[in-house]
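> predicted model follows, preceded by the sequence.
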Amino acid sequence: MKPGEQLHSRTTPIPGLLLFELAVHGDERGWFKENWHRAKMRDIGLPDFGPVQNNISFNAARGTIRGFHAEPWDKFVSLASGRIFGAWVDLREGPTFGTSFCAELTAHDAVFVPRGVGNAFQTLEDDTAYTYLVNDHWSAEAQRDYTFLNLADEHVAVPWPIPLKSAILSPQDKKHPRLADVVPMPGRRTLVLGAEGQLGTALRHAFEGDATVEFAGRAQFDITSEASYRAVNWRSYSAVINAAAFTAVDAAETPEGRAAAWNINATAVSRLARAAVEHSLTLVHVSSDYVFDGTAEVHFEDEMPTPLGVYGQSKAAGDAAVAAVQKHYIVRTSWVVGEGRNFVRTMASLAAKGASPSVVDDQWGRLSFAKDIAAGIRHLLDHQAPYGTYNLSNGGERQSWAGVARDVYRLSGADPERVTPISTADYMGPGTAPRPRSSVLDLSKIRATGFDPPAATQRLAEFLRSLQL
């Protein structure tokens, strides 16, 4: 391909199966082509699938047939010499299972074959070299995940130019099952880590009924354990949502807590980021307002981290590791409220007891209800929003902690004047972690994707009603 030269692609009846026309330049010496150009391929619709291995199948004789093989990875196929009749059948779970497509390919052509689409070809010339890039390494273990189809299946009825009885094929390819007996290849799943916490519980509700989402608590997957990473078949997943974190902000200031915070929020996250890079996963990671010192009135996604305490420092380190992953979403949130212990539940309990708490009145932010964080994460994935960092809290006017407490009292039928405002200086004591003065997050970026979080006051009223049922 010469500078400025245009590539062309076309779709097929099989979703994700794309044909490409490549430019071949020849002279008396032979010919040359740019067989793979990541940027140009991506610009015309090819997924950025991250190839890691290149294979060549040389076929000496015309009439040689290979396939149908559906592997658990994507591949980009082209020819170095010769000519083939290609055939593809969708062997993935879903409504297009059994859909087929055929085309003749030469050195001028290429085809992108998605994971789970059966691929077969018949050589139409001697000395045909068939080359393909794949985005996972072959292994005997990986081969167990293949799906096969008989080349003579009556339903697909491939019009082989050279009849099968005259073709050259392996004994194994003759034994593959007919379409009626093929077990469809399941789609890749999403793995949710930290599924037992406030956000993990909300994610269970957000993805309820979606069989492609798998949830793991610490007993199923410990993000600090190398053994957990080795035990996972990462080829089965397309995305990982990390809702696991060390969140005991004050405890993080102790020697034991400092080690735990860094182990879970930074070291383990970097290991997860490495797995995402190695297996081309989309990594969704939940961050915190504590990565900022709070001197800015409103925090934008591109603000440099300035954490005050150990918890914020460990979260900022984890964010940096995730940002190095090509396909990532860092979801930054604040003042989280969900199932389990949280500030709103504590204030509601105190209101019911007629207590008179002293609450900080010079730290500002917005509540972030776990159900809306979970919905925002699902929105980013479902709508394939541009990768990057997104602020995600509930909307509305900013409030202080004391203002939230007064609202809880009022909505619970208690006297809001029982809440006594105090300063952060009065609140701070030995072992108390420093807090950002402002935790207000700008929501323009996530709103631009089509997700507009409800007002925090609306969600607070709904949450308190649910506690009273």
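Cool, got the structure. This is a predicted model, so every value here is computed, not measured. Residues are numbered from 1 along each chain as shown.
> use CA for all of it now, contacts and neighbours both
Fine.
> does residue 390 count as helix, strand or coil?
strand (DSSP: H, G, I helix; E, B strand; the rest coil).
> mind checking how far it is from residue 315?
Going from residue 390 to residue 315 by CA to CA, to the nearest Å gives 15 Å.
> repeat that for residue 71.
38 Å.
> likewise residue 202?
21 Å.
> between these two, which is the more surrounded one?
The residue with more neighbours, out of residue 202 and residue 315, is residue 315; 27 against 22, by other CA atoms under 10 Å.
> spatially nearest residue to the more buried one (excluding sequence neighbours)?
Distances taken as CA to CA, 6 or more residues apart in numbering put residue 265 closest to residue 315, at 5.5 Å, once the chain neighbours are dropped.
> and that neighbour, helix, strand or coil?
helix.
> show the pLDDT at it.
pLDDT, residue 265: 97.
> for residue 258, see how far away it is.
From residue 265 to residue 258 the distance is 10 Å (CA to CA).
> I figured residue 344 hits residue 407, correct?
No. Counting by CA atoms under 8 Å, residue 344 does not reach residue 407; the two are 9.7 Å apart.
> who's in contact with the helix or strand of the chain with the lowest mean pLDDT?
Of all helical and strand segments in the chain, the minimum by mean pLDDT, DSSP states H and E falls on helix 140-143, at a mean of 77. Helix 140-143 has contacts (CA atoms under 8 Å, 6 or more residues apart in numbering) with 71, 72.
> can you give me how far the following helix or strand past that helix is from the chain middle?
Per DSSP states H and E, the first helix or strand lying C-terminal to helix 140-143 is strand 147-148. Here strand 147-148 is found 26 Å from its chain centre; the criterion is CA atoms, centre = their mean, to the nearest Å.
> likewise for stretch 264-283?
The answer for stretch 264-283 is 11 Å, by CA atoms, centre = their mean.
> just the C-alpha atoms of it, please, in CSV.
This file holds the C-alpha atoms of stretch 264-283, laid out as CSV (Å, rounded to 0.1, in the frame of the first residue of the first chain):
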residue,chain,number,x,y,z
ILE,A,264,-5.0,-4.8,46.6
ASN,A,265,-5.3,-1.4,45.0
ALA,A,266,-2.0,-1.2,43.2
THR,A,267,0.0,-4.4,43.0
ALA,A,268,-3.0,-6.7,42.3
VAL,A,269,-4.4,-4.1,39.8
SER,A,270,-1.2,-4.1,37.9
ARG,A,271,-1.3,-7.9,37.7
LEU,A,272,-4.9,-7.6,36.4
ALA,A,273,-3.8,-5.0,33.8
ARG,A,274,-1.0,-7.4,32.6
ALA,A,275,-3.6,-10.1,32.1
ALA,A,276,-5.8,-7.7,30.1
VAL,A,277,-2.9,-6.7,27.8
GLU,A,278,-1.8,-10.3,27.3
HIS,A,279,-5.3,-11.5,26.5
SER,A,280,-6.7,-8.4,24.7
LEU,A,281,-9.4,-7.9,27.4
THR,A,282,-11.4,-4.8,28.1
LEU,A,283,-10.6,-3.8,31.7
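> now do that stretch: everything it contacts.
Taking CA under 8 Å, 6+ apart as the rule, stretch 264-283 contacts 49-50, 136, 223-224, 229, 234-235, 237-242, 244-246, 314-318, 321-322, 324-329.
> buried ones among the residues you listed?
For the contacts of stretch 264-283, a burial check counting by 16 or more other CA atoms under 10 Å picks out 49-50, 136, 223-224, 229, 234-235, 237-242, 244-246, 314-318, 321-322, 325-329.
> narrow the residues you listed to those in strands?
Members of those lying in strands (criterion: DSSP state E): 237, 238, 239, 240, 241, 242, 328, 329.
> okay, the residues you listed in CSV with pLDDT and distance to residue 441 next?
Shown next, in CSV, are these (pLDDT from 0 to 100; distance: CA to CA, whole Å):
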residue, pLDDT, distance to residue 441
237, 93, 31
238, 93, 29
239, 97, 26
240, 97, 24
241, 98, 21
242, 97, 21
328, 97, 20
329, 98, 16
